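J.: Dropping the sequence and predicted coords here.
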Amino acid sequence: MNHWASLASIAAASLLVGAAPAPAEEDLVSLEGTWEMASAYEIRADGTRTTNYGEHPLGLLTVDAAHRYNMQIFRVGRPAFASGDKARGTPDEYRQAVVGSSTHFGTVTINRARHQLVFDVKAASFPNWEGKRQVRDYSFKDGLLSYAVPASASSSGIVAYSVWRRVAP
């Protein structure tokens, strides 16, 4: 009996030793996959909160295994061009189309030690970002990835926040 009890104890101990603890939810191990925008908002220099992309923006962020990303954010309800021709919009239609969207692609990595995402932007709807590195402080909690676009990146004194939720495969 003692022989069997010893074997059972050894087997149980080996199972416990081989079991790794689950990573904490706050550990952002990888960005790989598809993310949908949960919210986007801005904080102005005076502390007021705005929503340039509306209360329920549409956004998609995809990241592949080689850290290549593409991102699109759109304000819901942007007006259609009355002419029906992209090349013949009014100044206000062009403004709404441009200010109501943000797109860019390139590569992105995680600096876990500093809790920062590092975007190397290859091309962007805002040409000033092309070829530039954008470093953004992030948090990951309750399945939501949030990061801040610093005021220096927007050139307007406004800090923008993007909040994303990973889409199940």
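T.: Perfect, I can see it now.
J.: ok, now which ones touch P169?
T.: Shown in contact with P169 (C-beta atoms under 8 Å, 6 or more residues apart in numbering): 33-34. The C-beta positions use only the backbone N, C-alpha and C, and glycine is treated the same way.
J.: give me that answer again for 7 Å
T.: Counting by C-beta atoms under 7 Å, 6 or more residues apart in numbering, P169 touches G33.
J.: what's the distance between it and G143?
T.: Here the criterion is C-beta to C-beta, to the nearest Å. By it, P169 lies 14 Å from G143.
J.: who's in contact with stretch 132-149?
T.: Contact with stretch 132-149 is made by 25-26, 28, 35, 38, 115-121, 153, 159-166, as judged by C-beta under 7 Å, 6+ apart.
J.: How far off centre is it?
T.: Relative to its chain's centre, stretch 132-149 lies at 6 Å (C-alpha atoms, centre = their mean, to the nearest Å).
J.: Which of the residues in it are classified as buried?
T.: Residues of stretch 132-149 classed as buried by neighbour count (16 or more other C-beta atoms under 10 Å): 134, 136, 138, 140, 145-149.
J.: So for it, mean pLDDT?
T.: Here stretch 132-149 scores 94 as its mean pLDDT.
J.: Confirm N128 sits in a helix?
T.: Yes: counting by DSSP: H, G, I helix; E, B strand; the rest coil, N128 is found in a helix.
J.: gap between it and F105?
T.: Distance from N128 to F105, by C-beta to C-beta: 15 Å.
J.: Show me which of these two is the more surrounded one.
T.: F105 (16 against 11; other C-beta atoms under 10 Å).
J.: May I ask which two of the buried residues of stretch 132-149 are separated the most?
T.: Q134 and F140 (18.0 Å; C-beta to C-beta).
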